[in-house]
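*Asks:* sequence unknown, structure follows:
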């Protein structure tokens with residue numbers, strides 16, 4: 001695998017480590033068309049557990065919570081409630097695993113982040129925070145294959161699903177990878193996204209040394225964070241930060257720098273992971289800028305581990321219904337499930353390869369939502385080429401000339417959608433919707 005000019009990992013050929021048939025790769029690919037789907041894999045793993053429940057959107061679960069860690073500075077150092085870092089640390093501390101596979105800073109070719117194996121609590125904590133950056137697992141999977149032990153792997157939905165397919169193909173990975181920890185993720189960004197944000201902060205391409213995509217701001221709500229950069233300027237490391245709301249293109253609905261495969265999956269809640277963690281984007285939690293997690297547990301051992309942590313006071317957990325967990329990333333549910341049939345049909349018309357649709361909502365998509373989906377595809381695809389043009393010209397003006405008009409068109413589509421929904425709820429909601437949209441920035 002190698003990073004291409006779009007900032008995405010691409011397959012360039014088989015290495016000497018693998019000597020099987022090329023066709024076998026399709027059996028462990030999320031989009032190869034030769035593997036059982038996520039729902040089938042999840043049913044084999046979790047359906048027979050005592051006390052398990054099933055939700056058609058989020059999948060199987062034995063417990064659902066909102067919460068955070070009370071241990072040290074883990075909550076402050078994390079993107080949300082710090083529960084992912086706490087859980088990984090407990091698995092290692094108690095000897096349930098020998099290593100944690102997750103994204104950490106640094107890489108052999110100067111990458112900002114790569115998948116690495118942490119074998120100490122210090123290394124696990126160094127891997128906290130959200131990484132809006134591409135990754136690939138060939139090196140860490142090779143190490144797992146070569147070094148006996150037990151491991152936990154952290155990943156976004158398609159990655160976790162492919163690990164499950166690998167375990168079905170190779171029993172060694174089934175034995176050594178004991179726990180799969182899933183993240184709720186709307187889409188994966190390319191490596192160019194980090195450089196783009198830094199360029200907006202005045203750091204020219206190639207000058208970025210480190211980035212914290214989600215720096216918590218004291219006194220602000222959880223969804224009002226900054227992005228912090230470290231760059232080498234005149235031989236000295238300098239730090240600067242910008243509020244996320246001040247950077248053009250950080251609205252994830254626009255899809256700037258989104259990898260195309262993110263448009264193809266309907267797995268919104270990491271259905272094949274033993275436990276799933278994400279941000280609690282719910283009104284009762286976002287006001288607390290320290291951050292809160294939502295948690296969906298599918299493995300009873302991990303549920304017991306969480307319960308012991310809560311009983312000891314190391315973590316705080318509040319039981320919430322699965323419906324509340326599903327409501328937390330409401331826009332993700334719309335994008336990945338409810339509106340996927342229209343988007344996949346649209347992509348097929350554009351000549352892009354698309355997978356078999358496994359979920360088809362009964363309700364037809366309203367015209368304003370179709371317009372939103374069309375604009376998201378346009379803005380996402382255009383952002384990659386517009387950024388390469390900006391690099392060639394040496395100025396972000398080339399990017400803005402293409403993307404700002406598209407962003408305005410996207411906002412107009414959004415406003416039409418909000419207005420239609422307000423009309424459906426009654427006249428009182430129309431004025432509120434109009435005022436809300438007028439007060440928003442155009443991008």
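*Replies:* Arrived safely, thanks for sending. Computed from a predicted structure; not experimentally measured. Numbering: from 1, shown residues only.
*Asks:* all strands of the stretch 151-300 of the chain, in order?
*Replies:* 151-155, 177-183, 208-215, 226-233, 236-243, 275-279, 293-297 (DSSP state E, counting those that start in this stretch).
*Asks:* how far out from the middle of the chain is the first one?
*Replies:* Remark: strand 151-155 is offset 15 Å from the chain centroid, using CA atoms, centre = their mean, to the nearest Å.
*Asks:* Just want the angle from it to strand 275-279.
*Replies:* 40 degrees (axes from the mean of the first three to the mean of the last three CA atoms, to 10 degrees).
*Asks:* What separation do you get for residue 257 and residue 231?
*Replies:* 19 Å (CB to CB, to the nearest Å). Using the backbone N, CA and C atoms, a C-beta is placed for each residue, glycine as well.
*Asks:* try residue 414
*Replies:* Residue 414 is 34 Å from residue 231, by CB to CB.
*Asks:* follow-up on the earlier one: more neighbours: residue 257 and residue 231, which one.
*Replies:* More crowded of residue 257 and residue 231, by other CB atoms under 10 Å: residue 257, with 25 against 20.
*Asks:* Next up, the contacts around the more buried one.
*Replies:* By CB atoms under 8 Å, 6 or more residues apart in numbering, residue 257 lies in contact with 7, 189, 190, 192, 193, 196, 249, 380, 383, 384, 387.
*Asks:* let's see it at 6 Å
*Replies:* 189, 190, 192, 193, 383 (CB atoms under 6 Å, 6 or more residues apart in numbering).
*Asks:* And for residue 288, the neighbour number?
*Replies:* Counted with other CB under 10 Å, the neighbours of residue 288 add up to 13.
*Asks:* I'd like the distance between it and residue 194.
*Replies:* 27 Å.
*Asks:* Leaving out chain neighbours, which residue sits closest to the residue nearest the centre of the chain?
*Replies:* By CA atoms, centre = their mean, the chain has its centre lying nearest to residue 185, at 2.6 Å. For residue 185, ignoring the flanking residues on the chain, the nearest one in space by CB to CB, 6 or more residues apart in numbering is residue 156 at 4.1 Å.
*Asks:* before we move on, what about residue 203?
*Replies:* residue 231 (4.3 Å).
*Asks:* what does the model give the one you found for pLDDT?
*Replies:* For residue 231, the model assigns a pLDDT of 93.
*Asks:* of all the contacts of residue 257, which comes closest to residue 2?
*Replies:* residue 190 (13.4 Å; CB to CB).
*Asks:* Wait, the closest one touches residue 7, no?
*Replies:* Yes - checked against CB atoms under 6 Å, the pair residue 190 and residue 7 is within contact range at 3.5 Å.
*Asks:* secondary structure element for the residue lying closest to residue 341 once chain neighbours are set aside?
*Replies:* By the measure of CB to CB, 6+ apart, the closest residue to residue 341 outside its immediate chain neighbours is residue 360, 5.4 Å from it. Here residue 360 sits in a region with no helix or strand, counting by DSSP states H and E.
*Asks:* Got the phi and psi for residue 360?
*Replies:* Dihedral pair for residue 360: phi -130, psi 100, per degrees, to the nearest 10.
*Asks:* How many neighbouring residues does it have?
*Replies:* Residue 360, neighbours per other CB under 10 Å, totals 9.
*Asks:* what's the answer for the one 5 residues further on, then?
*Replies:* Neighbour count of residue 365, defined by other CB under 10 Å: 18.
*Asks:* follow-up on the earlier one: pairing partners for the residue nearest to residue 203 in the sheet, please.
*Replies:* residue 208, residue 238 (DSSP bridges).
*Asks:* re earlier: what distance do you get for the residue nearest to the centre of the chain to residue 128?
*Replies:* In this structure, residue 185 and residue 128 are 16 Å apart, going by CB to CB.
*Asks:* now residue 55
*Replies:* Counting by CB to CB, the gap from residue 55 to residue 128 is 29 Å.
*Asks:* Would you mind giving the domain segments of this structure?
*Replies:* Annotated domains of the chain cover 2-188+259-332, 191-253, 366-438 [automatic domain parsing].
*Asks:* what pLDDT does the residue nearest to residue 145 when sequence neighbours are not counted get?
*Replies:* In space, and not counting its chain neighbours, residue 145 is closest to residue 172: 6.4 Å by CB to CB, 6+ apart. In this model, residue 172 is scored at 97, pLDDT.
*Asks:* burial measure for residue 172, as a count.
*Replies:* Other residues close to residue 172 by other CB under 10 Å number 12.
*Asks:* just for the stretch 251-400 of the chain, where's the confidence low?
*Replies:* For the stretch 251-400 of the chain, the stretches flagged by pLDDT under 70 are 362.
*Asks:* how far away is the residue nearest to residue 185 from residue 364?
*Replies:* 30 Å.
*Asks:* Grab the longest helix from the chain for me.
*Replies:* helix 397-425 (DSSP state H).
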